[in-house]
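Undergrad: Have a look at this prediction, sequence included:
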Amino acid sequence: MLAACVASPSPSPSPLSTATAFETASPLPTGSPTAVPTATAAPPLSLELPAKGDTRRIRFTVKAGSDLKATTSGHVVVTVTNLSDTTISEIVLRWPTALKEIIFLAPFAPSAIRIREGGPPLYQEWTKWVEGPGERGEPAGTTSLGWGPLLPGATITISLVATRRANQPSAFDLQFLAVEAILTSESAQPAELRVELP
């Protein structure tokens, strides 16, 4: 049984925008001829949108498992459906690496059986797990976890192990990419969420 967490789309001016901050005019003293733009600070654990966009649409949800409470580790379950008529070769989840100071997300839980010499062959469903900067353009300060391929109309459910490192809630940006291009949500916006965990 999963308990829903709060996940709301991150505000974005356009699918191909490359910044999370926006400019506002600051009032100047009387007699100044022009206003000087200043950047509004982005919230903590934010991500800039990638420079490239992908028009293929996806549906996605993020839920905290019933085992993830304010003081315990648990799971975060991500569901992605390919609404396009072409295969997405690799779905990439991206979040700020600094999140690991509060909650560390991973595709599996380490175990002695998994890593022991002469143990059973390692079977993994994920395609990459990269802390940027990476060889395929993964930016510094981000963690990218890939899965795939995702066929047209198919749904993938990704259960991430969430290891709590600080007893505090967290809010962070989560993006959905096709390799290094951000996909498009059902509502024609960049495929990203502001996820809030207990």
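TA: Sure thing, it's come through. Numbers count the residues shown, from 1 in each chain.

Undergrad: how far out from the middle of the chain is stretch 156-164?
TA: Its chain's C-alpha centre and that of stretch 156-164 lie 12 Å apart, by C-alpha atoms, centre = their mean, to the nearest Å.

Undergrad: and it, which residues are buried?
TA: Neighbour-count burial for stretch 156-164, counted by 16 or more other C-beta atoms under 10 Å, picks out 156, 158, 160-162, 164. For glycine as for every other residue, the C-beta is placed from the backbone atoms N, C-alpha and C.

Undergrad: With stretch 179-198 instead?
TA: Across stretch 179-198, burial judged by 16+ other C-beta under 10 Å covers 179-185, 189-195, 197-198.

Undergrad: Mind checking which of the residues you listed land in strands?
TA: Here DSSP state E is the test, and those give 181-185, 192-195, 197 as lying in strands.

Undergrad: any chance of those in a markdown table, with distance to Pro152 and pLDDT too?
TA: Shown next, in a markdown table, are these (distance: C-beta to C-beta, whole Å; pLDDT from 0 to 100):
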| residue | distance to Pro152 | pLDDT |
| --- | --- | --- |
| Ala181 | 17 | 97 |
| Ile182 | 19 | 98 |
| Leu183 | 13 | 98 |
| Thr184 | 15 | 98 |
| Ser185 | 17 | 98 |
| Glu192 | 22 | 97 |
| Leu193 | 23 | 96 |
| Arg194 | 28 | 96 |
| Val195 | 26 | 96 |
| Leu197 | 31 | 93 |
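
Undergrad: Looking at the residues you listed, which is nearest Ala106?
TA: Leu197 (14.6 Å; C-beta to C-beta).

Undergrad: so what's that closest one bridging to?
TA: Leu197 has these beta-bridge partners by DSSP bridges: Ser170.

Undergrad: and it, what does it touch?
TA: Leu197 makes contacts with 5, 64, 68, 76, 103, 162, 169-171, as judged by C-beta atoms under 8 Å, 6 or more residues apart in numbering.

Undergrad: which residues of the protein score low on pLDDT?
TA: Along the chain, the model assigns pLDDT under 70 to residues 1-40, 111-123.

Undergrad: Which residue ranges of it form helices?
TA: Assigned by DSSP state H, the helices in the chain fall at 112-115.

Undergrad: quick one: the strands in it?
TA: 2-4, 6-9, 23-26, 36-39, 53-65, 74-82, 91-96, 103-106, 126-131, 142-147, 155-164, 170-178, 181-185, 192-197.
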